[in-house]
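Peer 1: here is my input; please provide its structure:
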Amino acid sequence: MIPIRDENPTRRKPFVTVALIAGNIVVYIYQFMLGPDASVDFYVNYGAIPAVLVFDLRALPALPVSWITLVTSMFMHGGLLHLAGNMLYLWIFGNNIEDHLGHVRFILFYLLSGIVAAITHAAIFSDSLVPMVGASGAISGVLGAYAITYPKARVVVMIWLLIIIKFVRIPAFIVLGLWFLFQLSGGFGSFSGEDQGIAWFAHIGGFAAGIGLILLMRRR
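Peer 2: Now for the predicted structure:
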């Protein structure tokens with residue numbers, strides 16, 4: 001089930017959402033142009049590495065320098081499909097949350113969701129040396145906020161059954177609820193060694209952060 005668009009109009013132009021998508025695309029092009037060896041260094045230097053984050057937090061009384069990667073990692077992706085999937089979700093659901101919060105508060109909301117998401121993953125897999133990259137933690141916050149703010153909004157999804165493709169309209173709380181259950185399944189599976197290449201708990205933490213933040217920040 002892949003979301004294609006929602007039927008939820010906005011009043012404001014989604015300047016921040018478009019800028020975030022553009023920024024992610026620009027960073028990906030830059031990564032691609034670096035070449036294989038330099039690209040690896042780029043991931044190591046700017047990806048969020050849980051073991052480094054935890055070690056630096058314990059070693060320094062002030063905010064560790066490495067924690068800047070909590071932000072830089074949000075604009076990096078591991079491949080074109082990774083980028084495309086994240087940007088699709090951001091485009092469909094981000095504009096409505098930006099419209100609801102306003103441009104400035106949406107920026108703060110997005111960054112805080114992504115930071116909480118990365119910290120959640122780092123706290124659970126504190127020994128991991130694998131750089132965590134991707135906007136999915138922050139976008140998970142957007143999804144959590146959307147599920148709370150617009151639960152009955154219709155989302156057009158593509159359902160692929162073997163050779164049959166159908167487009168159906170489903171309430172957002174069902175689409176996003178199923179998405180969250182899938183993340184929970186992947187998260188518990190990662191404890192047994194399955195799907196450890198995906199930061200499932202970043203998605204879970206981001207989704208929860210989005211729910212909490214939208215309740216605090218939304219317009220009355």
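
Peer 1: mind checking which residue lies nearest the centre of this structure?
Peer 2: residue 136 (2.0 Å; C-alpha atoms, centre = their mean).

Peer 1: and that one, how far is that from residue 21?
Peer 2: Distance, residue 136 to residue 21, using C-beta to C-beta, to the nearest Å: 14 Å. Heads up, the C-betas are built off the backbone N, CA and C, glycines and all.

Peer 1: before we move on, what about residue 113?
Peer 2: Residue 113 is 16 Å from residue 21, by C-beta to C-beta.

Peer 1: the more surrounded of those two?
Peer 2: residue 113 (31 against 19; other C-beta atoms under 10 Å).

Peer 1: what's the helix or strand for the residue nearest to that one when sequence neighbours are not counted?
Peer 2: Leaving out its chain neighbours, the residue that sits closest to residue 113 by C-beta to C-beta, 6 or more residues apart in numbering is residue 141, at 2.4 Å. Here residue 141 sits within helix 136-149, counting by DSSP states H and E.

Peer 1: give me the number of residues near residue 30?
Peer 2: For residue 30, using other C-beta under 10 Å, the count is 13.

Peer 1: ditto for residue 15
Peer 2: 12.

Peer 1: would you confirm that it contacts residue 102?
Peer 2: No. Using C-beta atoms under 8 Å, residue 15 is not in contact with residue 102; the gap is 10.9 Å.

Peer 1: strands of this protein, start to end?
Peer 2: For the chain, applying DSSP state E gives strands covering 2-6, 154-161, 164-171.

Peer 1: any chance of the ones you listed in TSV, plus distance to residue 146 and mean pLDDT?
Peer 2: TSV is the format used below for the strands of the chain (distance: least, C-beta to C-beta, whole Å; pLDDT from 0 to 100):
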stretch	distance to residue 146	mean pLDDT
strand 2-6	8	91
strand 154-161	9	89
strand 164-171	11	90
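
Peer 1: let's have these in TSV, adding distance to residue 213 and mean neighbour count.
Peer 2: Converted to TSV, those look like this (distance: least, C-beta to C-beta, whole Å; neighbours: other C-beta atoms under 10 Å):
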stretch	distance to residue 213	mean neighbour count
strand 2-6	20	15
strand 154-161	21	14
strand 164-171	22	11
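
Peer 1: figure out which of these is closest to residue 46.
Peer 2: Closest approach to residue 46 among the strands of the chain (C-beta to C-beta): strand 2-6, 29.0 Å.

Peer 1: quick one: list the elements packing against the closest one.
Peer 2: helix 80-101, strand 154-161 (3 or more C-beta pairs under 8 Å, 6 or more residues apart in numbering; DSSP states H and E).
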